[in-house]
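Student: got a structure for you, letters missing:
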């Protein structure tokens, strides 16, 4: 049975692994899966810049590496600037005849902290300058590498170590920063959201982002068993529920046109998503209701944009 | 045939970058560095230089972009000053630790607060431990020469360290001087094409920038220090080759009228030329005084320095920076460098020229007189300064 499954997939996806075994991601990590799939979609002709974070420390403790592609890490907040240099460097070396012309994909990856907080300036600069690269944000909704501190991508109501739920606090009281909208505001060719629970959708989007000329931004929800406090076999289910409840809709913005990639006829109640995760355990019925309203509002707003986009 | 032209020192740096046929320049404008990136942008726009000019959104990104470009094998250059150097501070460390031979011109500027766009050496001193090869320029010719030389040395496969060329903000960066420009063919003879041995390439995947657990971090740092010290050999060889090609020879410690000098004044950067006038006057009057100027700041030229000051009774160190709670940073390093020497000169430190405060000949006269006085009677003051009310 298993062999058959592999064969079926073989026609659609390469069996090569670019993120090698032996890394130290947590069991049940959605981010590891997202990276593995993204790398399969990108293939071997890539050069990657990665921000400091879980994905960097789990894959490269000197003298080991899990990367079978050329890979570079320097700091936390500068990955978009680094990939700008890589892209511009390759281009000029080809132009000057110092390097043979070839199709190389410049890819940058960072977590939600590296992307929507500390690295947002460098990312905005790289978008504005129009470098030909794809930026993948692996959003696990907090600073997980340093121990679950809140970020601007932490959702309303979630408990983290720096915005903990307590007698006088419900945890995060701010709304999740809409990074995809910020990316789209730069008028770049391609912006998309994805989730490893929907693997073909994810790979298709990564591929598309890489193929389009100019900057592309893929925002991937990456369920985190450690930070979200869920059972390690639930990563896929939680990702599916994030989409099916509408708290993390799958959509893409191609040259300004919005398209929903999964639009269930009826959204599941948000409680189904929240109740599987320890980070929401403290929420009262009223607070859950408030989150439900927020999800409904945001989803309606998104649908308006989709409706306003010509096919 | 070389040409002698009038050039602003900033433009002399840009000219060296052009003749080095740099591939990528990423820079963010900051006074008093602006004339360098402006000129480079102009050269790219006019097709005089085939390079990517990347107008980044900060100095942090300027250096980060250079790292990315260097990692794929591009010859890279950036320039900054003062606050800009501070903003990119953490990236400056990474450049040397990851052995990317970026070349950077720093138009030395004071640090805030209060805000000051004018010159001193506070920015340079704040990055002295970052593992960059660092040199100081005294005039426009040196700004050109040392920028060209920086690529030759930094990119040498035995070195692979970034190089910082310091030129004083305004007092040098904005001054127009006669500069001798070589022929392009001479430059090409001196400076081979950059062949980065570890360029990122899918045909031979490499990991740059893995993290260092405690079992290995110390070893990486020691290896870096050993390689950095060993770069001295290529630094000297680079200056020899430079002299043989262009006729101008440079040394880690530049000496001026030091023969039989009982008193030595030590300066760095553009004020050295003002100090030389004072030395001339005093020599004419029969005073046994000379001047030394630290050209090579890192790696610190212990051997040359000790040899140069041997026999002197007094060494007066002029600092353009305060290390708060310590005093002059150059002064304290010089003292430590001489501690094991027997006999060794007395060392006195005097601070001045902060935030664009001029240092006139009179000021240097005061520095020497006061230095001698302190050497004889000691200083009752917490901190010795010149030209500060």
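Tutor: That came through, no problem. Since the model is a prediction, treat every value here as computed from it, not as a measurement.
Student: near chain A, anything from stretch B:207-222?
Tutor: Yes - taking CB under 8 Å from any CB of the partner chain as the criterion, stretch B:207-222 and chain A are in contact, through B:207, B:208, B:209, B:210, B:211, B:212, B:213, B:216, B:220. All C-beta atoms are positioned from the backbone trio N, CA, C, and that covers glycine.
Student: Can you tell me what sits against that stretch?
Tutor: Outside of stretch B:207-222, the residues that reach it under the criterion CB atoms under 8 Å, 6 or more residues apart in numbering or on different chains are A:56-57, A:60-65, A:67, A:70-74, B:71, B:94, B:97-98, B:198, B:200.
Student: Is it possible to mark the buried ones in the residues of stretch B:207-222 next to chain A?
Tutor: In the residues of stretch B:207-222 next to chain A, burial by neighbour count holds for B:207, B:208, B:209, B:210, B:212, counting by 16 or more other CB atoms under 10 Å in any protein chain shown.
Student: so residue B:89 sits right up against residue B:123, yeah?
Tutor: No - look at residue B:89 against residue B:123 with CB atoms under 8 Å: they stay out of range, at 9.8 Å.
Student: Show me which of the two is the more surrounded one.
Tutor: For residue B:89 versus residue B:123, the count of surrounding residues by other CB atoms under 10 Å in any protein chain shown is larger for residue B:123: 25 against 16.
Student: by contact count, what packs against the helix or strand harbouring residue B:61?
Tutor: Secondary structure assigned from DSSP states H and E places residue B:61 in helix B:59-71. Applying 3 or more CB pairs under 8 Å, 6 or more residues apart in numbering or on different chains; DSSP states H and E, one finds that helix B:59-71 makes contact with helix A:79-95, helix A:120-129, strand B:24-27, strand B:76-80, helix B:82-87, helix B:89-97.
Student: That one to helix B:89-97, inter-axis angle?
Tutor: On the basis of axes from the mean of the first three to the mean of the last three CA atoms, to 10 degrees, helix B:59-71 is oriented at 20 degrees to helix B:89-97.
Student: Turn the helices and strands packed on helix B:59-71 into TSV, including distance to residue B:43.
Tutor: Listed next are the helices and strands packed on helix B:59-71 as TSV, based on distance: least, CB to CB, whole Å:
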stretch	distance to residue B:43
helix A:79-95	14
helix A:120-129	19
strand B:24-27	9
strand B:76-80	12
helix B:82-87	21
helix B:89-97	24
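Student: now, of those, which is deepest in the fold?
Tutor: Ranked by mean neighbour count under mean count of other CB atoms under 10 Å in any protein chain shown, these are led by strand B:76-80, which reaches a mean of 31.
Student: And the residue of the stretch 51-200 of chain B closest to chain A?
Tutor: residue B:68 (2.7 Å; CB to the nearest CB).
Student: Just give me the residue closest to the centre of the chain.
Tutor: Since no chain was named, I'll use chain A. In chain A, the C-alpha nearest the mean C-alpha coordinate belongs to residue A:220, at 2.3 Å (CA atoms, centre = their mean).
Student: should've been chain B
Tutor: By CA atoms, centre = their mean, the most central residue of chain B is residue B:135, 2.8 Å off.
Student: and that residue, that one's in a strand?
Tutor: Yes - residue state for residue B:135 (DSSP: H, G, I helix; E, B strand; the rest coil) corresponds to a strand.
Student: quick one: it and residue B:164 touch, right?
Tutor: Yes - counting by CB under 8 Å, residue B:135 does reach residue B:164; the two are 7.5 Å apart.
Student: What's the mean pLDDT across stretch A:299-310?
Tutor: Stretch A:299-310 shows an average pLDDT of 95 in the prediction.
Student: Tell me how far that stretch lies from the chain's centre.
Tutor: 22 Å (CA atoms, centre = their mean, to the nearest Å).
Student: any residues touching it, and which ones?
Tutor: With CB under 8 Å, 6+ apart as the test, stretch A:299-310 has contacts from A:246, A:249, A:251, A:256, A:257, A:258, A:259, A:260, A:263, A:267.
Student: Just give me the closest of those to chain B.
Tutor: Comparing those against chain B with CB to the nearest CB places residue A:256 closest, at 23.1 Å.
Student: tell me the phi and psi of the closest one?
Tutor: Residue A:256 adopts backbone torsions of phi 90, psi -10, taken as degrees, to the nearest 10.
Student: Return the distance of the closest residue to it other than its chain neighbours relative to chain B.
Tutor: Ranked by CB to CB, 6 or more residues apart in numbering or on different chains and with sequence neighbours excluded, the top spatial neighbour of residue A:256 is residue A:187, at 7.0 Å. When CB to the nearest CB, to the nearest Å is applied, the distance between residue A:187 and chain B equals 17 Å.
Student: Indicate the residue of chain A located nearest to chain B.
Tutor: Scanning chain A for proximity to chain B using CB to the nearest CB identifies residue A:85 as nearest, at 2.7 Å.
Student: quick one, what contacts that residue?
Tutor: With contact taken as CB under 8 Å, 6+ apart, residue A:85 is in contact with B:24, B:26, B:54, B:64-72, B:74, B:76.
Student: Leaving out chain neighbours, which residue sits closest to it?
Tutor: Nearest-residue entry for residue A:85: residue B:68, 2.7 Å, with adjacent residues in sequence omitted and distances by CB to CB, 6+ apart.
Student: from what I can see the one you found touches residue A:81, true?
Tutor: Yes - taking contact to mean CB under 8 Å, the distance of 7.1 Å between residue B:68 and residue A:81 places them in contact.
Student: tell me the phi and psi of residue B:4?
Tutor: The phi/psi pair for residue B:4 (degrees, to the nearest 10) is phi -100, psi 120.
Student: tally of neighbours for the residue nearest to residue A:85?
Tutor: Under the neighbour criterion other CB under 10 Å, residue B:68 is assigned a count of 35.
Student: on that earlier part again, any chance of the buried ones among the residues of stretch B:207-222 next to chain A in TSV, plus secondary structure and distance to residue B:5?
Tutor: Conversion of these to TSV gives the following (DSSP: H, G, I helix; E, B strand; the rest coil; distance: CB to CB, whole Å):
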residue	secondary structure	distance to residue B:5
B:207	strand	46
B:208	strand	41
B:209	coil	42
B:210	coil	48
B:212	coil	48
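Student: Make JSON lines out of those and add pLDDT and distance to residue B:225.
Tutor: Formatted as JSON lines, these follow (pLDDT from 0 to 100; distance: CB to CB, whole Å):
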{"residue": "B:207", "pLDDT": "98", "distance to residue B:225": "23"}
{"residue": "B:208", "pLDDT": "98", "distance to residue B:225": "20"}
{"residue": "B:209", "pLDDT": "98", "distance to residue B:225": "19"}
{"residue": "B:210", "pLDDT": "97", "distance to residue B:225": "19"}
{"residue": "B:212", "pLDDT": "97", "distance to residue B:225": "14"}
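Student: Show me which residues of the stretch 1-150 of chain B sit near chain A.
Tutor: The stretch 1-150 of chain B has residues B:23-24, B:26, B:50-52, B:54-58, B:60-62, B:64-74, B:76, B:90-91, B:94, B:98 near chain A, with proximity defined as CB under 8 Å from any CB.
Student: Are any of the residues you listed buried, and if so which?
Tutor: Of all the residues of the stretch 1-150 of chain B next to chain A considered here, the ones buried according to neighbour count by 16+ other CB under 10 Å are B:23-24, B:26, B:51-52, B:54, B:56-58, B:60-62, B:64-74, B:76, B:90-91, B:94, B:98.
Student: I'd like the secondary structure assignment at the residue of chain B most remote from its centre, please.
Tutor: In chain B, counting by CA atoms, centre = their mean, residue B:203 sits farthest out from the average C-alpha position, at 37.6 Å. The three-state assignment at residue B:203 reads coil, by three-state DSSP.
Student: so what pLDDT did residue A:1 get?
Tutor: Residue A:1 carries a pLDDT score of 40 in this model.
Student: per-domain residue ranges of chain B.
Tutor: The record's domain parsing of chain B by automatic domain parsing lists B:3-246, B:253-377.
Student: Could you say which of those domains is packed most deeply?
Tutor: Between the domains of chain B, the one whose residues have the most neighbours on average, counting mean count of other CB under 10 Å, is domain B:3-246 (a mean of 21).
Student: Thank you, goodbye.
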